[in-house]
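Chemist: Kindly generate the corresponding structure for this input.
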Amino acid sequence: MRNLLDACPNSKERKIKLKEIRRYIEDDNKKYPATSFVETPLPSKYLNNPKAPFKALRSKDFLVQLYKEGDYTRISVNLTRIKDTGEWEEGITWDTLMYIKRQVGYGDFHAVEVYPKDNDVVNVANIRHLFIINESLPFIWEN
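Modeler: Residues are numbered from 1 along each chain as shown. Model (predicted):
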């Protein structure tokens, strides 16, 4: 989203463009259920691209993308609302991530969220990433 706004030559045009983007997203969000997820088609540019998501799911408030990365599945989640800066809104809680993990079919799996070393941080959007783990880890509490 930021890229679209960066192309605006002044703050007035930026506000107009942001309003257009928000209106489009708000209208699009109305197509999706509030409490469940539906699969949404992936763009054709993602076909046969091993780094692209293999599935995308939407609800009114969230976009969830599933990636296969080696032995892991990555669940990437972002809110579907835009801040005044043109960035995706932030504020996805732990409880919400657990709910989403369950809703997209991984409720019976452990997942981890990684906090990298300072020099490995890539922070280009407000997206949370869960990595699905197929085995039990020594630091995870189990009942």
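Chemist: For Glu135, give its distance to Val121.
Modeler: 27 Å (C-beta to C-beta, to the nearest Å). (Each C-beta comes from the backbone N, C-alpha and C, glycine too.)
Chemist: Could you list the low-pLDDT ranges of this structure?
Modeler: 1-7 (pLDDT under 70).
Chemist: what packs against the host helix or strand of His129?
Modeler: Taking DSSP states H and E as the criterion, His129 maps to strand 128-133. If you count contacts as 3 or more C-beta pairs under 8 Å, 6 or more residues apart in numbering; DSSP states H and E, strand 128-133 packs onto strand 72-79, helix 94-101, strand 110-112.
Chemist: deepest of these, which one?
Modeler: Greatest average neighbour count among those goes to strand 72-79 (a mean of 19), per mean count of other C-beta atoms under 10 Å.
Chemist: What pairs with that strand, parallel or antiparallel?
Modeler: In the sheet, strand 72-79 lines up against strand 62-69 (antiparallel), strand 128-133 (antiparallel) (DSSP bridges).
Chemist: those helices in this protein, which residues are they?
Modeler: Assigned by DSSP state H, the chain shows helices spanning 2-6, 11-29, 94-101.
Chemist: List the contacts of the strand holding His129.
Modeler: 69, 72-78, 92, 97, 101, 106, 109-114 (C-beta atoms under 8 Å, 6 or more residues apart in numbering).
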